Every structure is written in structure tokens, then in C-alpha cells.
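*Asks:* pasting the structure only:
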């Protein structure tokens, strides 16, 4: 695989994975809020939320794999899997690694919700906000496209939706 290809794959999967994480968070907050008056009954609405989260995780894994395979940066497997191991951009990489592991926990418990029960699922699902914050900071600190106008508009639009819905969720509680 050429360096240019791994570079473009890592950028694309990082950006699209981050945007999907935002959309999955927005969708989850909409499902859990009183904005929809009552919980929507069609199961496909919840399935869409789950699939958005799963697709986000897949893109993040491809993002990490592409970075690991990229010869330009030359990260080791340990550096992309363990926080604070990297000597280069230590905090930015650590935030990415931490967001990965929190995302894995959220997704794994979502896949096993029926087995683990709603209490544990809900407590682990609270990691969704720190995942989004850590992933956004990771992208802002080390990403190369943070100053692109499309990325800025996407961050402002999706980020303000998350903040608004989270505020409403905290104000009005569960739906």
C-alpha cells in the first residue's frame, strides 16, 4: 500500500468516522429525549442508531489500521493501542486511543444490552459524551483538515446540535 493511499484512507475514515459519531450521538439523544413526545415505536429507528455506532467503530478501526500501515508517521501497534505511549503528539494520540476504547465499551455493551441489563448498559453508555469530546479534541489537535471550511461548518452544525440536545436531555430527563 502506498503512503499516499494510507494517508488518504486515514484522513477519510477519521473525518467520516467522527461525523458518524456526531450523527449517532444526535440520533441517540433524539431517541432518549422528550422532543419526539414519546419513544418512537418502529424498531428500525433504534436499529439505525446501533448501526451508526457500529459503522463508526468500523471506520475508526480502519483509520487506526491505515495510520499504523503508513510509513510516513511510523507509529507502532503499541502506540496506536495504549494511551500516552507515543512520544510524538502524546496527548493528541492518547485522546484518540482513549476515545477508541471508550467507543468499544459503548458498542460492546450495546450489542450485549439484553444480556447485561439496562442499568449497566446505561452507565457505560454515558461514556458517549467523553468519546465525542476526546475524538473531537484528537481530530482538532492532530488532524490535518481541522481548518477546512467544510470541516469547520460540519463541526459547528453537528456540535451545536449535540450541545442543544444534551442540554435538553439534562434539563428534561428521560423521555
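*Replies:* Alright, I've got the coordinates. All values reported here derive from a predicted model rather than from experimental measurement.
*Asks:* what's the pLDDT at the closest residue to residue 151 other than its chain neighbours?
*Replies:* With sequence-adjacent residues excluded and distances taken as CB to CB, 6 or more residues apart in numbering, residue 151 is closest to residue 145, at 5.1 Å. C-beta: built from backbone N, CA, C; applies to glycine. Residue 145 is assigned 91 on the pLDDT scale.
*Asks:* please apply the same query to the one 4 residues further on.
*Replies:* Looking at residue 149, its pLDDT is 95.
*Asks:* show the backbone phi and psi for it.
*Replies:* Main-chain dihedrals, residue 149, degrees, to the nearest 10: phi -50, psi -40.
*Asks:* residue contacts, the residue nearest to residue 151?
*Replies:* Applying CB atoms under 8 Å, 6 or more residues apart in numbering, we find residue 145 in contact with 11, 15, 151.
*Asks:* which one of those residues has the most neighbours?
*Replies:* residue 15 (21 neighbours; other CB atoms under 10 Å).
*Asks:* quick check: residue 128 touching residue 22?
*Replies:* No: in this structure, residue 128 is not within contact of residue 22 by CB atoms under 8 Å, at 10.9 Å.
*Asks:* can you put the contacts of residue 145 in CSV and add secondary structure and distance to residue 96?
*Replies:* Below are the contacts of residue 145 laid out as CSV (DSSP: H, G, I helix; E, B strand; the rest coil; distance: CB to CB, whole Å):
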residue, secondary structure, distance to residue 96
11, helix, 13
15, helix, 13
151, helix, 16
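*Asks:* distance of the residue nearest the centre of the chain from residue 107?
*Replies:* In the chain, the residue lying closest to the centroid (CA atoms, centre = their mean) is residue 21, at 3.9 Å. Distance, residue 21 to residue 107, using CB to CB, to the nearest Å: 11 Å.
*Asks:* which one among the contacts of residue 145 gets closest to residue 168?
*Replies:* residue 151 (25.7 Å; CB to CB).
*Asks:* now do the contacts for the residue nearest to residue 69 when sequence neighbours are not counted.
*Replies:* Nearest residue to residue 69, sequence neighbours excluded (CB to CB, 6+ apart): residue 6, at 5.0 Å. By CB under 8 Å, 6+ apart, the residues touching residue 6 are 66, 67, 69, 70, 71.
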